[in-house]
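K.L.:
Need coordinates for the following:
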Amino acid sequence: MRIKDQDACLIIPVENQVRELDPKLLLACIAVQRGFSVIIGSHREIDFQITSFPRSLYLNKSMTERNLKMFRIMQKIGHEILTWDEEALVHLPDETYYSRRLSPTAIRYNSDLFAWGEDNAELWRRYPDLPEDMPIHVTGNPRSDMLRPELRSFYEPEAEEIRKTHGKFILVNTNFNHVNAFFPAQNLFRPADNEGEDPQFGKAGVGMERKFAEGLRDHKEAIFTAFKELIPILDQTYPDHTIIVRPHPTENQQVYVDIAKGCKRVKVTNEGNVVPWLMATDVVLHNGCTTGVEAYMMDVPAISYRAKVNDTYDMGFYRL
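P.N.:
Numbering: from 1, shown residues only. This next block holds a predicted model:
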């Protein structure tokens, strides 16, 4: 039986605090204004306590095999599962996305899906195992709402503090977690145990064809090398700017720290939410990073640094 609005409690789990907490607090406030009770907190802690909550609407963020155990528990105790996909704004090619982000079994535990936009909705509609009666609502996402002019002033105190601390700066956002992950097993390929052996898939390569994954690895490594070469050049070329390198949260930062040691004005940090950093910077450099979309929405100059070009991966992978 579906939960009626007047009885609804909304559970909002937060997995990545830096990226998700502020937008989900916005959603929680709006939900309360509209009559919902709201429980918001750590994803892990909420799942541990799931049997303690009243029947609720559970706002989920993925539909993979890993979700199945919790989905079954929640269904048995009467919770209703709703899903938006945090990774569906800038998504993988269809078949790769389906194999990595969707499970034919898991999706059937959902009562409704909420899409970032029409592109996301069409991606789901093309899914061969989408249940025929599955409602897909094109609602947007509070992460993008927080970038609207009337809302992003929320981040202005942080942005002003960043300006005071760093002065004028160029923001270099990296996302080489497929080839420079903090834990090597999270890369596209694990390091080979013995010389001459073919490496096994890492976490990032799961669901990809081997030939595609090998090509993506080679392309990403070439761009990674180009960025490592770019950072000292920026340091030398723009003496009136600090160069802030902001690695992806799951990247191994040490390579950038080592580069910074040989430069005068390079600093490495991924402190806090990226939005105030975008507000404070003069320009952002990236390659295939969601921050390029965020910068565009905020009218911040953004440069996609494409020292190495391969349309198969540049346009067919993240399309940024």
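
K.L.:
Show the subsequent helix or strand relative to the lengthiest helix in the chain.
P.N.:
Counting residues, the longest helix found in the chain (DSSP state H) is helix 210-237. Note on helix 210-237: by DSSP states H and E, the next helix or strand toward the C-terminus is strand 242-246.

K.L.:
Rounded mean pLDDT for that next one, please.
P.N.:
The average pLDDT for strand 242-246 rounds to 98.

K.L.:
Kindly report the same for stretch 78-94.
P.N.:
91.

K.L.:
cool, stretch 117-125 as well?
P.N.:
Rounded mean pLDDT across stretch 117-125 is 97.

K.L.:
List of residues touching that stretch?
P.N.:
Outside stretch 117-125, the residues that touch it by CB atoms under 8 Å, 6 or more residues apart in numbering are 85, 88-89, 91, 94, 97, 113, 115, 130, 136, 138, 140. Any C-beta I mention is one placed from the backbone N, CA and C, and that applies to glycine too.

K.L.:
for the lowest-mean-pLDDT helix or strand in the chain, packing partners?
P.N.:
Ranked by mean pLDDT, DSSP states H and E, the weakest helix or strand in the chain is helix 311-313, scoring a mean of 83. If contacts are counted by 3 or more CB pairs under 8 Å, 6 or more residues apart in numbering; DSSP states H and E, helix 311-313 sits against helix 210-237.

K.L.:
next one: phi and psi at residue 303?
P.N.:
Here is the backbone geometry of residue 303 (degrees, to the nearest 10): phi -120, psi 120.

K.L.:
OK, contacts around it?
P.N.:
Counted by CB under 8 Å, 6+ apart, residue 303 has contacts 283-286.

K.L.:
how distant is stretch 289-297 from the center of its chain?
P.N.:
In terms of CA atoms, centre = their mean, to the nearest Å, the centre of stretch 289-297 is found 12 Å from the chain centre.

K.L.:
residue boundaries of the helices in the stretch 101-250 of the chain?
P.N.:
118-125, 142-145, 149-152, 156-166, 210-237 (DSSP state H, counting those that start in this stretch).

K.L.:
tell me the angle of the fourth one relative to strand 242-246?
P.N.:
Inter-element angle recorded for helix 156-166 and strand 242-246: 130 degrees (by axes from the mean of the first three to the mean of the last three CA atoms, to 10 degrees).

K.L.:
pLDDT weak spots in the protein?
P.N.:
1-7, 316-320 (pLDDT under 70).

K.L.:
can we see that at 50?
P.N.:
Counting by pLDDT under 50, the chain shows no low-confidence range.

K.L.:
quick check: domain ranges of it?
P.N.:
According to automatic domain parsing, the chain comprises the domains 5-145, 158-318.

K.L.:
Contact partners for the most centrally placed residue in the chain?
P.N.:
Nearest to the mean C-alpha position of the chain, by CA atoms, centre = their mean, lies residue 87 at 5.4 Å. By CB under 8 Å, 6+ apart, residue 87 lies in contact with 62, 101.

K.L.:
Residue 102 versus that one, what's the distance?
P.N.:
11 Å (CB to CB, to the nearest Å).

K.L.:
re earlier: can you state the direction angle for the longest helix of the chain and strand 242-246?
P.N.:
Orientation check (the same axes, to 10 degrees): helix 210-237 against strand 242-246 gives 160 degrees.

K.L.:
Near residue 95, how many other residues are there?
P.N.:
12 (other CB atoms under 10 Å).

K.L.:
Then residue 178?
P.N.:
24.

K.L.:
Wasn't residue 284 part of a strand?
P.N.:
Yes: assessed with DSSP: H, G, I helix; E, B strand; the rest coil, residue 284 lies in a strand.

K.L.:
For it, which non-adjacent residue is closest in space?
P.N.:
With sequence-adjacent residues excluded and distances taken as CB to CB, 6 or more residues apart in numbering, residue 284 is closest to residue 171, at 4.5 Å.

K.L.:
Identify the bridge partners of that neighbour.
P.N.:
For residue 171, the residues forming beta bridges with it (DSSP bridges) are residue 244, residue 284.

K.L.:
correct me, but it touches residue 279?
P.N.:
No: under the criterion of CB atoms under 8 Å, residue 171 makes no contact with residue 279, lying 10.4 Å away.

K.L.:
Neighbour count: those two, which is higher?
P.N.:
Applying other CB under 10 Å to residue 171 and residue 279 shows that residue 171 carries more neighbours, namely 25 against 20.

K.L.:
if I look at the more buried one, how far off is residue 278?
P.N.:
Residue 171 is 7 Å from residue 278, by CB to CB.

K.L.:
what touches both of the two?
P.N.:
Joint contacts of residue 171 and residue 278 (CB under 8 Å, 6+ apart) are residue 284.

K.L.:
which ones are touching residue 11?
P.N.:
38-40, 46, 53, 56-59, 79.

K.L.:
want to try JSON lines for those residues, with distance to residue 210 and neighbour count as columns?
P.N.:
Formatted as JSON lines, the contacts of residue 11 follow (distance: CB to CB, whole Å; neighbours: other CB atoms under 10 Å):
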{"residue": "38", "distance to residue 210": "45", "neighbour count": "20"}
{"residue": "39", "distance to residue 210": "43", "neighbour count": "17"}
{"residue": "40", "distance to residue 210": "41", "neighbour count": "17"}
{"residue": "46", "distance to residue 210": "37", "neighbour count": "20"}
{"residue": "53", "distance to residue 210": "43", "neighbour count": "17"}
{"residue": "56", "distance to residue 210": "42", "neighbour count": "24"}
{"residue": "57", "distance to residue 210": "40", "neighbour count": "22"}
{"residue": "58", "distance to residue 210": "36", "neighbour count": "25"}
{"residue": "59", "distance to residue 210": "36", "neighbour count": "20"}
{"residue": "79", "distance to residue 210": "39", "neighbour count": "24"}
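
K.L.:
Cool, thanks, signing off.
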